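Trainee: Output the structure for:
(one chain, ligands or ions: 1)
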Amino acid sequence: MTAHTPPPPTMGCRNAPLLKERGQHEVFCGLTGIIWLHRKMQDAFFLVVGSRTCAHLLQSAAGVMIFAEPRFGTAILEESDLAGLADAQEELEREVDRLLARRSDIRQLFLVGSCPSEVIKLDLSRAAERLSAKYAPRVRVLNYSGSGIETTFTEGEDACLAAMVPALPASDERQLMMVGALPDVAEDQALDLLAQMGLTNVSVLPARNADTEVSVGPNTSFALTQAFLGGTHAALERRGARHIPAPFPFGEEGTTAWLRAVAQDFGIDQARVDAVTDAPRARARKAVAKAAETLSGKSLFFFPDSQMEIPLARFLTRECGMEALEVGAPYIHKALVAPDLDLLAEGPVISEGQDVELQLDRCRAAQPDLTVCGLGLANPLEAEGLCTKWAIELVFTPVHFYEQAGDLASLFARPLRRHDLLKLEAA
Ligand code: SF4
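Mentor: Modelled structure (predicted):
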């Protein structure tokens, strides 16, 4: 069997009507991003300024860190702080002094805002500025918000990267910036492909450590690897950099389109791209075809969660033969996902935001073969007999570029196979 990649649809979903919903939504907060960001930035420390709830969230989501010297922690706001009785700014600075005195390995410190710090209007940018001046050049101190009041779990990464952009040194060099925190294995593969195409002046945001030079300016073109980086996109444009619009590098088709868009921007001819990509494309097609045996013909419903929903729906419908019934995303940044919308055939409901009860009603009525949703919805839906996939796994697992295309498809095939087995056992 070969992978199923139909020609581009004559009518994609770029201009399809959007179902916009604003109501109760079920998502993790932006603090979750710390779990993958601290692995990526090896000399960074994330200090959440929050409550015991925030500390518990981090601890349970990142239990593995128990055996290592942690690179994140929580400065807990006590009741007296919340009541405005103590000077939280001073307390925070004392905490940072203690931390940096103990940990000479920390080169970047992120003060991460939370719901409680926002509620008491604790100005973390002021604290970051003061601490930066105090600890420069050894440590750079930045701040961003991971509060759950208005952010979803992937927006923590967006806020973090966007906070880094104004501090990047200026450069007039012609260069490519690859933007998004990818597992090292996927990032290395991408850099290798780009180098084979002749692109060597390439930087990555976020870099693995603070000493790696990442600069920006009017001759910087940037390509995003994650669909949730709307704030970072805007911050880079404010620094004069130019976005290369492209489908996201999921699957064989997405990866090829992404690489071609970059090549075109740098005047690299298609023959060279083809020579570099022919072999990995064939491997990706073969790997996807295997998982597509389970996925083909099955229907799919996305609850809004990671902001990766549109590119994933494109991959699953076009390369794995699935049928999308609804593709929900927390926010739809057309500047980022329009190339994926162009490739997604007309038909599914495209929804933005969430009113969870209404969406659950639509899902129950549609009875999809596979529902992609957050952890909070997965268990109740499984109990109702629906087969679900947790969206959060997609940010912890290497899923980008050619060599991971088969694994990406398998992530969706596995719950379907398990569901079929359970049905067989029950029969
Ligand atoms: Fe909860 Fe807000 Fe803390 Fe996130 S930031 S754990 S939503 S209190």
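
Trainee: From here on, just use CA atoms for contacts and neighbour counts.
Mentor: OK.

Trainee: I'd like to know which residues of the stretch 251-400 of the chain are adjacent to the ligand.
Mentor: When proximity is defined as CA under 6 Å from any ligand atom, the stretch 251-400 of the chain does not approach the ligand at any residue.

Trainee: For the stretch 251-400 of the chain, which segments count as helices?
Mentor: 251-265, 270-295, 309-318, 334-343, 356-366, 375-383, 393-396 (DSSP state H, counting those that start in this stretch).

Trainee: The longest one to helix 251-265, inter-axis angle?
Mentor: Using axes from the mean of the first three to the mean of the last three CA atoms, to 10 degrees, the inter-axis angle of helix 270-295 relative to helix 251-265 is 160 degrees.

Trainee: chain center to helix 270-295: distance?
Mentor: Centre-to-centre, helix 270-295 and its host chain are 23 Å apart (CA atoms, centre = their mean, to the nearest Å).

Trainee: With the first one instead?
Mentor: The offset between the C-alpha centroid of helix 251-265 and the centroid of the whole chain comes to 19 Å, using CA atoms, centre = their mean.

Trainee: list the buried ones in it?
Mentor: With burial defined by 16 or more other CA atoms under 10 Å, the residues of helix 251-265 counted as buried are 251-263.

Trainee: What's the separation between residue 115 and residue 287?
Mentor: If you measure residue 115 against residue 287 using CA to CA, to the nearest Å, the figure is 43 Å.

Trainee: more crowded one of the two?
Mentor: Relative neighbour count places residue 287 above the other of residue 115 and residue 287, with 24 against 19, counting by other CA atoms under 10 Å.

Trainee: so the more buried one touches residue 402, yeah?
Mentor: No. Applying CA atoms under 8 Å as the test, residue 287 and residue 402 come out as separate, 9.4 Å apart.

Trainee: residue ranges for the helices of the stretch 101-250 of the chain, please.
Mentor: If you assign secondary structure with DSSP H, counting those that start in this stretch, the helices in the stretch 101-250 of the chain sit at 115-119, 124-135, 155-164, 184-196, 230-238.

Trainee: Now tabulate those helices in a markdown table and tack on distance to residue 89.
Mentor: Below are these laid out as a markdown table (distance: least, CA to CA, whole Å):
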| stretch | distance to residue 89 |
| --- | --- |
| helix 115-119 | 11 |
| helix 124-135 | 7 |
| helix 155-164 | 20 |
| helix 184-196 | 36 |
| helix 230-238 | 27 |
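
Trainee: hey, what's the residue lying closest to residue 330 once chain neighbours are set aside bridged with?
Mentor: Counting by CA to CA, 6 or more residues apart in numbering, residue 353 is the residue found nearest to residue 330 once chain neighbours are left out, at 4.5 Å. Applying DSSP bridges to residue 353 yields these beta-bridge partners: residue 21.

Trainee: which helices and strands sit right next to the one helix or strand residue 417 maps to?
Mentor: Using DSSP states H and E, residue 417 maps to helix 405-426. With contacts defined as 3 or more CA pairs under 8 Å, 6 or more residues apart in numbering; DSSP states H and E, helix 405-426 has these neighbours: helix 251-265, helix 270-295, strand 388-390.

Trainee: OK, contacts around the residue lying closest to residue 225 once chain neighbours are set aside?
Mentor: Closest residue in space to residue 225, ignoring its immediate chain neighbours: residue 180 at 5.4 Å, by CA to CA, 6+ apart. Counting by CA atoms under 8 Å, 6 or more residues apart in numbering, residue 180 touches 204, 205, 206, 224, 225, 226, 229.
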